[in-house]
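Visitor: Fold the following.
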Amino acid sequence: MLAALGLAALAGGAYAAALETSIFAVRELVVVGGTPRVQGELRRALAPELGRSLARIDAGEIERRVAPIPDIVGVSYDRQFPHTLRIRVSAERAVLLLRRGADTWLVSARGRVMRRLASAKRSSLPRVWVSKKTGVSVGELLPPPAGGAAAAALAPLAPRTFPSGVRLVRTLGSAELTLVLRSGLEIRLGDLGDLRLKFAIARRILSAVHADSTSTGYLDVSVPERPVITSANAQVSTGGLG
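Guide: Modelled structure (predicted):
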């Protein structure tokens, strides 16, 4: 028993020494995941952790430092003794450009404003337009009428679902959502319900009627059981589809 107590005291003393000395001080931050831009933002945010003992690294403190970074959903970390803190990034995924007059912001799949852009010309992401009275702040989660619904509509959309990319999202609150493809063809979604089902049905119908990158008109899948398609393109027939 005395030996066990002695070992416990020794372990406690070693842990106390690890807390108070630089024996396990963080000297290296290893960041895994995210773009170089995101990794740079994270390194700057966590720079104060350098020199801190790995034994004193606190999850709450790391979350507090990371929370203001608009490109990051969250992080997890591992202590790699003796001197390395390994950070794994869960990054935001950009899906949309928010346009307000001449101003442009990059928006994530969660509807979070990631950053302001100098120009929209270099991006092929879909656009959504809001009124000039709409307030926009980097880091905020957009409400549905101010771009949040548009981001939610694009979040589950897989690449190459449609014959041409999405150019524009039109919204009326979150009850009437329409994706306008680069060809001019409209995909009318209705509300945000059953989006994956609606996309699957839309893709199947467009494939069946041989819609291509020049097809126009509209495909209404707001009621998935009763889709309707019309088109000015001769390849696409007009009428209801059961």
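Visitor: gap between the two ends of stretch 50-65?
Guide: 13 Å (CA to CA, to the nearest Å).
Visitor: got the contact list for stretch 22-33?
Guide: 17-18, 39, 42-43, 46, 49-55, 57, 80-91 (CB atoms under 8 Å, 6 or more residues apart in numbering). Every C-beta, even on glycine, is put in place using the N, C-alpha and C of the backbone.
Visitor: any idea of the pLDDT on Arg203?
Guide: pLDDT for Arg203: 96.
Visitor: The helix or strand containing it packs against which elements?
Guide: Under the criterion of DSSP states H and E, Arg203 resides in helix 195-208. Helix 195-208 sits against strand 186-190, strand 218-220, with contacts defined as 3 or more CB pairs under 8 Å, 6 or more residues apart in numbering; DSSP states H and E.
Visitor: Redo those strands as TSV? Include distance to Ser174.
Guide: Converted to TSV, those look like this (distance: least, CB to CB, whole Å):
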stretch	distance to Ser174
strand 186-190	10
strand 218-220	17
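Visitor: do you know which of those strands lies nearest Ile69?
Guide: Among the helices and strands packed on helix 195-208, the nearest to Ile69 by CB to CB is strand 186-190 (31.4 Å).
Visitor: What strands flank that closest one, and is each parallel or antiparallel?
Guide: strand 176-181 (antiparallel), strand 218-220 (parallel) (DSSP bridges).
Visitor: ok, and for the longest one, which residues are buried?
Guide: Read that as strand 176-181. Leu177, Thr178, Leu179, Val180, Leu181 (16 or more other CB atoms under 10 Å).
Visitor: Do me a favour and average the pLDDT over that strand.
Guide: Average pLDDT, strand 176-181: 96.
Visitor: again with the shortest one
Guide: In this model, strand 218-220 has an average pLDDT of 97.
Visitor: Would you quantify the distance from the residue positioned nearest the centre of the chain to Ser213?
Guide: For the chain, the residue nearest the mean C-alpha position is Arg93 (3.0 Å; CA atoms, centre = their mean). Arg93 sits 25 Å away from Ser213, taking CB to CB, to the nearest Å as the criterion.
Visitor: coming back round to it: now the buried residues of strand 176-181 as a markdown table including distance to Pro159?
Guide: Output for these, formatted as a markdown table (distance: CB to CB, whole Å):
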| residue | distance to Pro159 |
| --- | --- |
| Leu177 | 19 |
| Thr178 | 20 |
| Leu179 | 14 |
| Val180 | 18 |
| Leu181 | 14 |
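Visitor: Spell out the residue ranges of the helices in the chain.
Guide: 2-20, 36-46, 59-66, 148-154, 195-208 (DSSP state H).
Visitor: Least reliable of the ones you listed by average pLDDT, please.
Guide: helix 2-20 (a mean of 49).
Visitor: For Leu197, which non-adjacent residue is closest in space?
Guide: Closest residue to Leu197 apart from its sequence neighbours, by CB to CB, 6 or more residues apart in numbering: Pro224 at 5.3 Å.
Visitor: any idea how far the one you found is from Ala153?
Guide: Taking CB to CB, one finds Pro224 at 15 Å from Ala153.
Visitor: out of these two, which sits in the busier spot?
Guide: For the pair Pro224 and Ala153, the greater number of neighbours falls to Ala153 (27 against 15), based on other CB atoms under 10 Å.
Visitor: quick one: contacts for that one?
Guide: Val169, Thr171, Leu177, Leu179, Leu189, Leu192, Leu195.
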